[in-house]
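Undergrad: My questions are about this predicted structure, shown below with the sequence.
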Amino acid sequence: MRELRNVIERAVILAGKETIELSDLPEEFSSKPEPGITVGARVTIDALEAEHIRRILAISRNLEEAARTLGIDPATLYRKRQKLGLL
């Protein structure tokens, strides 16, 4: 949630106009959605959590940054990755 807020604030400042357009967002937000689980799909909480963690890891510089984005301790992220088979 913090990351989304920061992206929106940055876009508002840099856009310099009344409407934020897709081109005002960073590339990872303006590209097509990655294949995977979609909102509303019939999936387990574990599958949804695994997909979310996978996506956060893909856009993070390291595990500490990913843990901060997820709002959890790095040790918790390690355990979740182990449990969900993401190691």
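TA: On my side now, so go ahead.
Undergrad: Quick check: the spatially most central residue of the chain vs residue 20, distance?
TA: Closest residue to the average C-alpha location of the chain: residue 56 at 4.1 Å, with CA atoms, centre = their mean. Distance, residue 56 to residue 20, using CB to CB, to the nearest Å: 23 Å. Placement of C-beta: from N, CA and C, glycine included.
Undergrad: How is the protein partitioned into domains?
TA: 1-31, 34-87 (automatic domain parsing).
Undergrad: can I get these in a markdown table with mean pLDDT?
TA: A markdown table is the format used below for these (pLDDT from 0 to 100):
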| stretch | mean pLDDT |
| --- | --- |
| domain 1-31 | 78 |
| domain 34-87 | 90 |
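Undergrad: out of these, deepest packed?
TA: For the domains of the chain, average neighbour numbers computed from mean count of other CB atoms under 10 Å are highest in domain 34-87, which has a mean of 13.
Undergrad: What segments of this protein are helices?
TA: 2-15, 27-30, 45-59, 63-70, 74-84 (DSSP state H).
Undergrad: closest one to residue 37 among these?
TA: Ranking these by proximity to residue 37 (CB to CB) places helix 45-59 first, at 4.5 Å.
Undergrad: so that closest one versus helix 74-84, what angle?
TA: 120 degrees (axes from the mean of the first three to the mean of the last three CA atoms, to 10 degrees).
Undergrad: contacting residues around residue 52?
TA: The neighbours of residue 52, taking CB atoms under 8 Å, 6 or more residues apart in numbering as the test, are residue 70.
Undergrad: For it, give its distance to residue 68.
TA: 15 Å.
Undergrad: Same question for residue 44.
TA: Taking CB to CB, one finds residue 44 at 26 Å from residue 68.
Undergrad: Also residue 60?
TA: Distance from residue 60 to residue 68, by CB to CB: 9 Å.
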